[in-house]
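# Structural data only, the sequence is not supplied:
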């Protein structure tokens, strides 16, 4: 296999990346382009095929050198048939048979997996989850997704829907996430934090309390999770409390995972990387209070380790097999 | 193996049963005695050893015929070392090394497992979970326990604590279960239903509304789940609403399981056997409303099938291997 390369394709709403690797997680060659979902899948699929061909040629390789292609993409998708089914970040990608398209183009097997599951395997194999048998990975970006490793293997569930952490209910009403008000994604994601921040700033205004976030309030884009993180890093009290309250809500989600799955480690990407213990300490405190004592103390809650590389490594893990 | 027998020991707070079986789930011989936790573990352990010896002798067998012994018991316990650690229903059984005791007595391997996990495997192998790869089993008796089957195997978790469904929080305050007010066990168990019934009867009295449950109110034992079931079966409106509201709370728990684990089937013992669709229909309705549509429609919610035999079969499954 040493002269073979794995090909990973990470299809996101903003960018799509292609990587070659004879030995993951090390990347031999990489290309990326803006996905532009508004244009539909056709130009992106053409660019994926072209880029893979070019990356191979640059290395003096042909498609015969490909061991397998792995595609990591937002769900929902039909994993067995390899069909992308209009994920929220790629609404125009309606029943795109990407597995068949890439298998036709390169005459080699292609596997497809949703990005939360692929990320879980990437962190388990090469990141913060190494050495664990039971682990949960949470993508805490705009949304809140999850991937579950049980007894050393990715757990898919019956219809490949296991780990839909963002859809759990935390409260009867509240910020909206995953089309559900009061859901885990509504409270504990970048999108949720932005909603909580908007309320906090409105509240601060009433009380004539100053906050760096005031300038984003009511603008076209509104307050983003990134604005909150930046203001919190500069010591803004309102922003810090928004981060901490998001951390406490995250803790409620983690307590459910701890009591149900008794994982050795919960690895959290996205916001947890940028906000660190300002987010995670309140979450850990809630887990200690809410979850069963032995299950809580035997579970580490840590940020993901692969950082910006996670998409590349996740796609390579799909190629290598889940 | 055809001349060998599996030995199952089901240690409960009320009774302890011993069974022999050359081919589970069929039971060849069985004995039981009252456990009497107040007397401590010693007399019970002596009775277990004596009973197993007698059952073997009745069949013309010696301990050489035992393939393996399996003990099913309430948690917490140290599964690897086979030590029972003061479960709530056996408070005097403090660090009882039952594995070592039975291995010494019979010179054959003994395995120990908590009863919710053993019940999950029993229903998966021989009951309502047959043919599924991903299943959750709930014991809905005085308490609410759970066992999780992922990809065809029992999932233990890191410290054998997976499936602690009863400890999940449903509301900030509420009936107490698993030492936690507002927990899943507080709302959706026999003990929880009794608490809800007591409030409902107090409310009915204020409104001068008649209910068959009134006669149990304020008695020494109070209203039990069994009283509620009996009154509901006779058409008592207050009792029926208590059952239905318990069903709706159960539905909230099931929605969490469906979104996180995407099981093919959830099998529910105890109350679900006795109350059937009066309990399960409101639960199914909440799952349809709360959980992700595809995950909800692909999950059957059914009563357990082994009924009164579950303890025996569960202990035999522990003997056979989890």
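Looks like it came in fine. Just so it is clear, the structure is predicted and the values come from calculations on it, not from any experiment.
# Going by C-alpha atoms from here, please, whenever you check contacts or count neighbours.
Will do.
# what's the burial count for the closest residue to residue A:77 other than its chain neighbours?
Distances taken as C-alpha to C-alpha, 6 or more residues apart in numbering or on different chains place residue A:84 nearest to residue A:77, at 4.6 Å, with adjacent residues excluded. Residue neighbour count, defined by other C-alpha atoms under 10 Å in any protein chain shown, stands at 24 for residue A:84.
# Chain B versus residue A:84, what's the distance?
Going from residue A:84 to chain B by C-alpha to the nearest C-alpha, to the nearest Å gives 16 Å.
# so that residue touches residue A:90, yeah?
No - counting by C-alpha atoms under 8 Å, residue A:84 does not reach residue A:90; the two are 9.2 Å apart.
# Identify the residue nearest the geometric centre of chain A.
Chain A has residue A:139 as the residue nearest its centroid, 3.4 Å off, counting by C-alpha atoms, centre = their mean.
# That one pairs with what?
On the basis of DSSP bridges, residue A:139 is bridged to residue A:145.
# which ones are touching it?
By C-alpha atoms under 8 Å, 6 or more residues apart in numbering or on different chains, the residues touching residue A:139 are A:116, A:119, A:145-146, A:268-270.
# how does it look with 7 Å?
By C-alpha atoms under 7 Å, 6 or more residues apart in numbering or on different chains, the contact set of residue A:139 is A:116, A:145-146, A:268-270.
# what's the distance between it and chain B?
Counting by C-alpha to the nearest C-alpha, the gap from residue A:139 to chain B is 15 Å.
# Where is the longest helix in chain A?
In terms of residue count, the longest helix belonging to chain A (DSSP state H) is helix A:237-261.
# can you tell me if it touches chain B.
Yes - part of helix A:237-261 sits near chain B under the criterion C-alpha under 7 Å from any C-alpha of the partner chain, namely A:256, A:259-261.
# Would you list the buried entries among those residues?
Buried members of those, counted by 16 or more other C-alpha atoms under 10 Å in any protein chain shown: A:256, A:259-261.
# Now tabulate those residues in JSON lines and tack on distance to residue B:284 and pLDDT.
Listed next are these as JSON lines, based on distance: C-alpha to C-alpha, whole Å; pLDDT from 0 to 100:
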{"residue": "A:256", "distance to residue B:284": "21", "pLDDT": "98"}
{"residue": "A:259", "distance to residue B:284": "23", "pLDDT": "98"}
{"residue": "A:260", "distance to residue B:284": "20", "pLDDT": "98"}
{"residue": "A:261", "distance to residue B:284": "23", "pLDDT": "98"}
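# Which SSE is immediately downstream of the longest helix of chain A?
strand A:265-268 (DSSP states H and E).
# hmm, back to that, now flag whichever of the residues of helix A:237-261 next to chain B is closest to residue B:280.
Of all those, residue B:280 sits closest to residue A:260, with 21.5 Å by C-alpha to C-alpha.
# Test my guess that the closest one contacts residue B:159.
No - counting by C-alpha atoms under 7 Å, residue A:260 sits too far from residue B:159 to count as a contact (11.9 Å).
# For the residue of the stretch 1-150 of chain A found nearest chain B, the count of nearby residues, please.
Here the residue of the stretch 1-150 of chain A nearest chain B is residue A:134; by C-alpha to the nearest C-alpha that distance is 6.5 Å. Other residues within reach of residue A:134, judged by other C-alpha under 10 Å, total 25.
# Please name the residues that touch it.
Residues in contact with residue A:134, defined by C-alpha under 7 Å, 6+ apart, are A:149-152, A:263-264, B:157-158.
# Please check those residues and keep the buried ones.
Taking 16+ other C-alpha under 10 Å as the criterion, what is buried in the contacts of residue A:134 is A:149-151, A:263-264, B:157-158.
# Filter those down to just the ones in strands.
Within the buried ones among the contacts of residue A:134, residues falling in strands by DSSP state E are A:149-150.
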